[in-house]
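**Student:** need a structure here:
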Amino acid sequence: MLLNISNLIPIKFLYTDSKCVLNLVIENKNLLLCLKFLKDYQILRFKMLSTLTCTDYPELINRFELTYTLLSLDFPMFLNLKIKVAEFVNVDSVSVFFKSAVWLEREVWDMFGVYFINNFDLRRILTDYGFPYHPLRKTFPLQGFSEITYNYIKKKIVYVPNTYSQVKPLKNVVSNWVKLN
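**Tutor:** The predicted model follows:
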């Protein structure tokens with residue numbers, strides 16, 4: 001069956017993990033084609049998008065790895081469809097196939113900054129509407145760039161520049177503890 005799938009859709013890489021979940025790595029341009037095939041193919045019938053996750057690798061050119069986890073309701077199996085995209089590359093929205101993707105894509109856009117084309121409701125979901133950053137990126141500082149305070153005179157929420165120093169931790173710290181071999 002795996003051999004037939006790899007002949008029918010453009011897959012870059014195919015593997016299974018320790019939990020026997022099938023993982024397909026494809027190119028960004030083939031995302032809608034592959035999802036349509038996996039949803040409509042009679043042997044597989046992956047009718048439900050369970051999750052959409054994003055992983056940030058800031059040292060790579062294709063910085064973000066998006067993982068679409070599909071579930072077949074007729075057969076008890078999961079499939080992970082993975083694409084890798086650069087920082088300023090737009091991704092096609094899969095909300096035309098899966099209605100649950102609207103909410104999931106909003107969350108990925110808000111937290112990581114990956115923009116989805118043709119998502120009709122792409123707005124902030126977890127952060128404030130005026131917040132210009134994406135907090136789950138690995139380059140986002142731990143203490144943030146600004147503090148949120150309420151100004152009683154202006155009667156609104158204002159952003160105040162952060163007064164903390166962004167100190168990087170020391171790598172070679174001398175410890176008094178003795179290492180046991």
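**Student:** can you pull out the helices in this structure?
**Tutor:** 2-8, 31-40, 101-112 (DSSP state H).
**Student:** Just name the most buried of the ones you listed.
**Tutor:** helix 101-112 (a mean of 20; mean count of other CB atoms under 10 Å). Yep, even glycine has a C-beta here, placed from its N, CA and C like the rest.
**Student:** coming back round to it: tabulate the helices of the chain (TSV), appending mean pLDDT.
**Tutor:** Shown next, in TSV, are those (pLDDT from 0 to 100):
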stretch	mean pLDDT
helix 2-8	60
helix 31-40	91
helix 101-112	95
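**Student:** Output those as TSV; include the columns distance to residue 82.
**Tutor:** Below are the helices of the chain laid out as TSV (distance: least, CB to CB, whole Å):
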stretch	distance to residue 82
helix 2-8	15
helix 31-40	10
helix 101-112	14
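**Student:** Among those helices, which comes closest to residue 135?
**Tutor:** With CB to CB, the closest approach to residue 135 among the helices of the chain belongs to helix 101-112: 6.2 Å.
**Student:** so where's the chain shaky on pLDDT?
**Tutor:** For the chain, the stretches with pLDDT under 70 are 1-8, 144, 163-181.
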